[in-house]
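Chemist: Just to be clear, the model below is a prediction. Sequence and coordinates:
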Amino acid sequence: MDAETLLLETEESMLKAVDFAKQEFSGVRTGKASPGLVENLDVHVSSYGSVMKLKGLAVISTPEPRLILIQPFDPSTVHDIGRAINESKLNLNPLVEGRSIRLPIPALTEERRKDLVKLVKSQAEEARVRVRGARKAAMDSAKKLKAENIVTEDGQRDLETQIQKLTDKYVKEIDELVVVKEKDIMTI
């Protein structure tokens, strides 16, 4: 491995951490209906004998600002989907109506909004930890490149500086995502 490859791999893994944060944030309720709220929900489908993501089992739409409509491809999975929503941390009550599920999104209380902000901040910290983990692995690889005489001591220092700049860039990006999501949650 050379220095350029190391930087590319490091940036790719840091980008994955940011994408992880975005995906986690999409599952946090903001008071308005969004398919992202439920699409990554794991559903145990008894007739299939496996666990699948909700987005693979149904069409998810938002016909009204405070309503999510879930229409399963296979009507026999309606009750499995309803059970998965009930067992999730979303605190939502699905209304099973024949071949579809209506999911009303109640208005958030001030206390619940603050709890959701705390949740977002903990998810952001988890993403930052992933970025820092990628940084540590890259720094270790830079030391290994120096030990194998692939880069010079100055080259190692430059590499570490570039790795730190990547780390700062992606941690800042996560922080910006938190600010946007917090504003979204706290807006009534």
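Modeler: Received it, and whenever you're ready, just let me know what you need.

Chemist: and residue 50, how many residues sit next to it?
Modeler: Around residue 50 there are 9 other residues, counting by other CB atoms under 10 Å. Backbone N, C-alpha and C define where each C-beta goes, glycine included.

Chemist: buried ones in stretch 103-114?
Modeler: 103, 105, 108, 113 (16 or more other CB atoms under 10 Å).

Chemist: Please report phi then psi for the residue lying farthest from the centre of the chain.
Modeler: Distance from the C-alpha centroid of the chain peaks at residue 149, with 39.4 Å (CA atoms, centre = their mean). Main-chain dihedrals, residue 149, degrees, to the nearest 10: phi 60, psi 30.

Chemist: before we move on, the earlier item: what's the farthest-apart pair in the buried residues of stretch 103-114?
Modeler: Put simply, by CB to CB the two of those set farthest apart are 103 and 113, 19.3 Å from each other.

Chemist: What values do phi and psi take at residue 68?
Modeler: phi -110, psi 130.

Chemist: so how far is residue 39 from it?
Modeler: 10 Å (CB to CB, to the nearest Å).

Chemist: Please say which of these two ends up with more neighbours.
Modeler: residue 68 (23 against 18).
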